[in-house]
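1. Following is a predicted model, sequence given first.
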Amino acid sequence: MSNIEERVFSGIQPTGNLHLGNYLGAIKRFVSLQDDYNCIYCVVDLHAITVWQEPSELANNIREVTAAFIASGIDPQKHIVFNQSQVAEHAELAWIFNCVARMGWLSRMTQFKEKAGKDREKASVGLFAYPALMAADILTYRATHVPVGEDQKQHLELTRDIAQKFNNDFSDRISSLGLGEPMMVGDEKVQGYFPLTEPLIGGPAARVMSLRDGSKKMSKSDPSDLSRIVMTDDADAISKKIRKAKTDADGLPSEVEGLKNRPEADNLVGIYAALNDMDKASVLKEFGGAQFGTFKPALADLAVAKIDPIASEMRRLQADPAEIDSLLVKGADRAREIANRTLADVKEIVGFVGPRR
Ligand code: AQP
């Protein structure tokens with residue numbers, strides 16, 4: 001009998017500058033999964049502090065991401081929305097996973113290398129251990145599916161590695177306690193407690209690129225404001241950023257293959273497709289042969305039509321911080337109920353002594 005329910009978990013860091021890549025690569029997909037899964041969406045504030053966050057800004061950023069979830073269409077009554085630091089089980093399970101994950105695994109994470117930069121000695125220990133916390137976020141709820149942008153693929157693979165090692169290391173114990181379910185690991189059947197979570201990555205906006213440089217992903221920390229459209233940009237700012245977006249001199253091709261080696265054109269077509277729920281081929285059917293002078297205003301109009309209503313709803317929600325805080329407390333209470341059960345099982349599996357569920 002399977003006791004692992006299908007469940008979606010994902011998170012966004014409250015690090016400011018929430019941008020179109022976060023929306024198209026993550027939040028918009030969170031919204032679309034609500035009809036098919038039980039979903040848990042988390043503002044991952046423990047992750048945010050792996051690099052310095054100004055405390056007063058952090059609180060506002062937590063509320064901003066929450067407002068973005070709700071304004072985009074996530075239903076916090078039907079699904080669970082909360083901030084990570086209110087559910088201590090994430091940090092507890094992360095510690096256990098720190099003891100399961102190997103130094104070599106974490107040393108290979110490209111995000112750590114990029115974020116730590118040249119001076120790795122000065123990076124926080126938290127930044128290094130970040131992927132083990134991410135595995136804990138997901139596996140505290142034994143989530144089976146995680147919608148993320150392509151940049152998170154490697155971290156998701158690590159989550160599966162951690163789950164697999166835990167299942168293997170403790171297989172006999174999981175079995176004798178009657179927990180988990182049979183799973184194949186390679187050719188071997190083991191009794192596994194944690195699912196091997198599937199990433200949900202894909203679509204035309206799995207990797208939205210910078211508007212100033214088609215070889216770099218759109219990112220919160222890019223020093224150039226023109227590189228990204230942020231969720232709170234007004235119509236003028238959105239139009240200006242798209243008008244100034246870097247492009248080449250050619251018109252748009254009529255086939256997707258024609259976007260090869262044209263990263264900026266590919267990016268703008270991908271953004272149009274994702275905003276309008278179509279694929280790139282359909283965009284090119286409409287705009288193939290057009291110059292950017294025609295395509296950019298159409299893209300700007302579309303982006304404004306899609307983003308502006310979300311931005312005004314975010315502003316309305318953020319005007320009442322107490323209401324957002326109370327929503328997060330309620331969400332955390334619901335999340336904790338699930339998290340508690342997992343941690344009780346995990347502690348028993350590991351051999352700790354304490355109350356059982
Ligand atoms: N450019 C992107 N295209 C598609 N998806 C993206 N995501 C981030 N950038 C893009 C997805 O957004 C979700 C939220 O991730 P996060 O809050 O952990 O932020 P991040 O990945 O740290 O965001 P940035 O902008 O990339 O921040 P910095 O500049 O700090 O590196 C994730 O699902 C992510 O895949």
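-> Right, received. Where do you want to start?
2. what about stretch 109-116 and the ligand, touching?
-> No - for stretch 109-116 and the ligand, the contact criterion (Cβ under 6 Å from any ligand atom) is not met; the two come no nearer than 6.9 Å. For glycine as for every other residue, the C-beta is placed from the backbone atoms N, C-alpha and C.
3. send the alpha carbons of stretch 153-169 over as PDB?
-> The C-alpha coordinates for stretch 153-169 follow below in PDB (Å, rounded to 0.1, in the frame of the first residue of the first chain):
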ATOM      1  CA  LYS A 153      17.500  21.400 -11.700                       C
ATOM      2  CA  GLN A 154      20.800  20.500 -10.000                       C
ATOM      3  CA  HIS A 155      19.300  21.100  -6.500                       C
ATOM      4  CA  LEU A 156      16.400  18.900  -7.300                       C
ATOM      5  CA  GLU A 157      18.800  16.100  -8.300                       C
ATOM      6  CA  LEU A 158      20.500  16.500  -5.000                       C
ATOM      7  CA  THR A 159      17.200  16.300  -3.200                       C
ATOM      8  CA  ARG A 160      16.700  12.900  -5.000                       C
ATOM      9  CA  ASP A 161      20.200  11.800  -4.000                       C
ATOM     10  CA  ILE A 162      19.600  12.700  -0.400                       C
ATOM     11  CA  ALA A 163      16.200  10.900  -0.400                       C
ATOM     12  CA  GLN A 164      17.800   7.800  -2.000                       C
ATOM     13  CA  LYS A 165      20.700   7.700   0.500                       C
ATOM     14  CA  PHE A 166      18.300   8.100   3.400                       C
ATOM     15  CA  ASN A 167      16.000   5.300   2.100                       C
ATOM     16  CA  ASN A 168      19.000   3.000   1.500                       C
ATOM     17  CA  ASP A 169      20.800   3.700   4.800                       C
END
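4. Now it: average pLDDT?
-> Confidence for stretch 153-169, expressed as mean pLDDT, is 96.
5. what's in contact with that stretch?
-> Contacts with stretch 153-169, where a contact means Cβ atoms under 8 Å, 6 or more residues apart in numbering, come from 97, 100-101, 105-106, 109-111, 130-132, 134-135, 138-139, 146, 148, 174, 180, 183, 185, 190-197, 199, 201.
6. Also stretch 94-113?
-> Contacts to stretch 94-113, defined as Cβ under 8 Å, 6+ apart, come from residues 123, 127-133, 135-136, 139, 151, 154-155, 158, 161-162, 165-166, 169, 346, 350.
7. in that stretch, what's buried?
-> 94, 96-98, 100-101, 105-106, 109, 112 (16 or more other Cβ atoms under 10 Å).
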